[in-house]
Structures are given as structure tokens and as C-alpha cells.
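Novice: can't give you the sequence, but here's the structure:
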């Protein structure tokens, strides 16, 4: 795969997109009564989170969420489904629900027995739809006005990549 293809396929979250996502996640928490909500990409990286979590390692949770979703996608394939769009894990006190939001992100909700699972499911489904619309809107805006978008949302440039490669070559004698 060439560098242009990688660049086109990467999942990038710009500041204005994350701001819009956070607004929707805060609204979800208010309506659902959940403790915490995360947006995780399918590679296991946490994009953003809202709400309160004890001493939970969010990087580990994010990686495990992605792994769980990948395993379940394979189970769905074996059963003749494209994928399961919602997963639910129930514990003694804490529960976690994963919902596909867009093509490459997972809405991850952590809640306890004080929260009604029906409320979480109802509002998570609506939130996943809203997030998908936000992703689509921001992508259309980026494609329609790439120069304007780049100026408002600076990204790592090829110059940075080249400089980083040079530094690594210096470090490892390449």
C-alpha cells in the first residue's frame, strides 16, 4: 500500500470534529444516566471520553474493546452475518455496551446497576446514528474545502514525517 493510500484511509479526528463528538457524548450521558462513554477506533485507540471513571486504565479498556469487537465480528461472519453492531457485557456491578458508530469507531458505554439497560440501549442507538452523521458531515466538509480545512485543523505534514524518519535513522544508524 502506498503512502497516499494510507493517508486517505487513516482515521483522523480534527479539533472541530472532536468538539462536536464531545457535545453529543455529554448529551448521551445526561439522558442515559451512564457513568462514562468513550469513543474508540477499531484499532483500539481512545479518541475521546466523557464522564467519570474510577481508576480504570482507559488505554487498556480501549484496546480490549477493539479486540472484543473484532472477535465478535468474526463470530458474526461464521454465523453468516456481516457483523453484530451492538455488544453487551454484564458484570456484578459494572456493565459495558459497545455500539458501532460509523464505519470505524465504537461507542463504548460503562454503566452500573443504577442505570437502566433499556435507557442505555435506546440512547446509544440514537447517539451512534448522530455520530455517524457528524462523521459524514465533517468528511464532506474536508473533501469539499481541503485547503480551508487544513488551515483550520493543522495536521502532521510530510515534512514532519521526513524529519522523524531522519531522526530515527540517526538514532539507529540507518
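Specialist: Yep, it's here. Nothing here was measured: the structure is a model prediction, and the numbers come from that model.

Novice: On the three-state scheme, the nearest residue to residue 77 once chain neighbours are set aside is what?
Specialist: Counting by Cβ to Cβ, 6 or more residues apart in numbering, residue 77 lies nearest to residue 83, which is 7.5 Å off, once chain neighbours are set aside. Using the backbone N, CA and C atoms, a C-beta is placed for each residue, glycine as well. Following DSSP: H, G, I helix; E, B strand; the rest coil, we place residue 83 in the coil state.

Novice: any chance you could map the strands in the protein?
Specialist: 36-41, 46-51, 86-90, 94-101, 105-112 (DSSP state E).

Novice: okay if I get those strands as CSV plus distance to residue 13 and mean pLDDT?
Specialist: Listed next are the strands of the chain as CSV, based on distance: least, Cβ to Cβ, whole Å; pLDDT from 0 to 100:
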stretch, distance to residue 13, mean pLDDT
strand 36-41, 8, 95
strand 46-51, 5, 94
strand 86-90, 22, 92
strand 94-101, 12, 94
strand 105-112, 9, 96
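
Novice: Which residue would you name as the spatial centre of the protein?
Specialist: For the chain, the residue sitting closest to the mean C-alpha position, by Cα atoms, centre = their mean, is residue 40 at 2.9 Å.

Novice: coming back round to it: counting neighbours, what do you get for the residue nearest to residue 77?
Specialist: Look at residue 83: counted by other Cβ atoms under 10 Å, it has 13 neighbours.

Novice: and it, what does it touch?
Specialist: The neighbourhood of residue 83, defined by Cβ atoms under 8 Å, 6 or more residues apart in numbering, consists of 72-73, 76-77, 100.

Novice: Neighbour-wise, give me the winner out of those.
Specialist: Neighbour tally across those (other Cβ under 10 Å): the maximum, 20 neighbours, falls on residue 100.
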